[in-house]
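J.: Structure for the following, please:
(one chain, ligands or ions: 1)
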Amino acid sequence: AREIHLTEYPKGEPTLDTFELAEVELPEVGDGQVRLETLAFSVDPYMRGRMSGRRTYVDPFPLHDTLDGAAVSRVVDSKHDEVPEGSLVLSQHGWRDAAVALGDAVRVLPELPVSHTHFLGALGLTGFTAWVGLERIAELRADDVIYVSAAAGAVGSIAGQLAKHKGATVIGSAGSDAKVARLRELGFDEAFNYKTDPPKDALGRLAPDGLDVYFDNVGGDTLEAAMHYLNNFGRAAICGMISIYNATEPPPGPRNMSNIVSKRLKLQGFIVSDHWQDDFQTFAQQVSPLVIDGTIQADETIREGIEDAPQAFLDMLSGNKQGKMVVKVGE
Ligand code: NDP
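T.: Numbers count the residues shown, from 1 in each chain. Prediction:
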């Protein structure tokens with residue numbers, strides 16, 4: 001099988017040299033195991049944290065060894081009673097084109113009239129992250145004004161559309177005019193390009209009555225601006241801080257933390273994996289019909305072939321894509 005390995009723990013921005021393509025021999029399929037052929041796998045921002053060489057809330061990736069990440073695969077051989085041959089499964093065996101896995105460690109996917117790649121995005125980890133942030137962390141209400149950063153991305157585009165579906169007034173920011181136009185098509189009430197129109201100016205203009213909720217994917221100056229415009233008792237779901245993932249030194253925090261006291265703000269970070277057990281089924285029941293009937297558009301950018309995975313990862317980080325970035329490796 002072919003796999004992508006890590007060659008180094010990059011300081012600052014990773015490059016193509018951070019990765020290598022390797023050939024490995026797969027073991028025979030033993031009792032309780034399945035052989036998987038990968039159809040598509042996910043490249044995600046949290047993987048940058050796993051390339052730091054330090055433990056955060058997950059272990060670092062090993063060097064020159066098998067990486068993992070979410071993948072949708074077809075079962076081509078099974079010695080597990082509950083995972084039939086031919087079924088499509090979700091596993092953590094990404095970054096490779098085939099794998100031998102424990103049957104207990106894969107989830108057989110439901111048969112739904114959607115592209116299987118959506119189980120890596122809108123109906124998978126990223127869609128669920130959007131739902132948890134809105135429902136469980138920010139406790140979004142229909143009369144809220146919400147701002148979503150990195151809004152054209154995998155999490156942000158679903159968060160914005162779910163918030164709109166709930167009746168909230170939704171403002172989004174993204175890094176190009178084409179992405180901003182797409183946010184308007186997706187039903188965002190207001191959208192702006194943070195590269196040409198900084199949040200500290202744009203939010204004052206686009207949210208004249210202030211913000212009730214901030215869905216933070218970015219951190220840094222964007223969080224500082226959102227805190228400035230949050231109303232009394234405002235809530236922020238702190239989902240990610242992509243603006244600092246390549247930083248070599250911890251950057252200065254928002255300078256206006258005193259807002260938390262004076263405006264009685266509630267900022268809460270969260271990690272989606274804490275919520276699988278309690279909430280994934282509820283999410284899937286609520287959101288699958290909305291993706292199937294097109295109420296929620298699951299935008300994605302698909303790259304072809306395992307060789308292109310490193311470039312796909314770099315483009316995901318820098319914004320050279322729309323919606324969820326997925327690497328397709330099989331039919
Ligand atoms: P995206 O699809 O949103 O891809 C990341 C995007 O962030 C880029 O494409 C880019 O788009 C934008 N970006 C990059 N650098 C900056 C910057 N300096 N300032 C503003 N925007 C920037 O990724 P995901 O949707 O998968 O993830 C979004 C966030 O959610 C990340 O922070 C991630 O870590 C977090 N996350 C958290 C989880 C949790 O459990 N807490 C789970 C999953 C994701 P653009 O063109 O707009 O700049």
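J.: How is this protein partitioned into domains?
T.: According to automatic domain parsing, the chain comprises the domains 2-121+298-328, 128-273.
J.: average pLDDT for the last one?
T.: In this case it means domain 128-273. Per-residue pLDDT values over domain 128-273 give a mean of 97.
J.: can you tell me the distance between the two ends of it?
T.: From its first residue to its last, domain 128-273 covers 10 Å (Cα to Cα, to the nearest Å).
J.: which ones are touching the residue most central in space within the chain?
T.: The residue at the geometric middle of the chain, judged as the C-alpha nearest the mean C-alpha position with Cα atoms, centre = their mean, is Thr126 (3.9 Å). By Cβ atoms under 8 Å, 6 or more residues apart in numbering, the contact set of Thr126 is 44, 120, 154-155, 158, 324. C-beta coordinates here come from the backbone N, C-alpha and C atoms, glycine included.
J.: filter these down to the ones close to the ligand.
T.: Among the contacts of Thr126, the residues lying close to the ligand (Cβ under 6 Å from any ligand atom) are 44, 154-155.
J.: Return the member of those nearest to Glu249.
T.: Relative to Glu249, the closest of the ones next to the ligand among the contacts of Thr126 is Asp44; by Cβ to Cβ it sits at 23.8 Å.
J.: My reading is that the closest one lies in a strand. Confirm?
T.: No - with the criterion set as DSSP: H, G, I helix; E, B strand; the rest coil, the secondary structure at Asp44 is coil rather than a strand.
J.: Quick check, it in contact with Leu125.
T.: Yes - under the criterion of Cβ atoms under 8 Å, Asp44 is in contact with Leu125, at a separation of 7.4 Å.
J.: What's the end-to-end length of stretch 205-225?
T.: For stretch 205-225, by Cα to Cα, the gap between its terminal residues amounts to 12 Å.
J.: cool, and stretch 259-276?
T.: As for stretch 259-276, its first-to-last residue distance stands at 33 Å under the measure Cα to Cα.
J.: Give the residues shared as contacts by Asp44 and Leu125.
T.: Looking at what touches both Asp44 and Leu125 (by Cβ under 8 Å, 6+ apart), the common residues are Ala70.
J.: Doesn't the residue nearest to the centre of the chain belong to a helix?
T.: Yes - residue state for Thr126 (three-state DSSP) corresponds to a helix.
J.: Identify the residue nearest it in space, chain neighbours excluded?
T.: With Cβ to Cβ, 6 or more residues apart in numbering as the criterion, Thr126 has its nearest non-adjacent residue at 3.9 Å, and that residue is Ala154.
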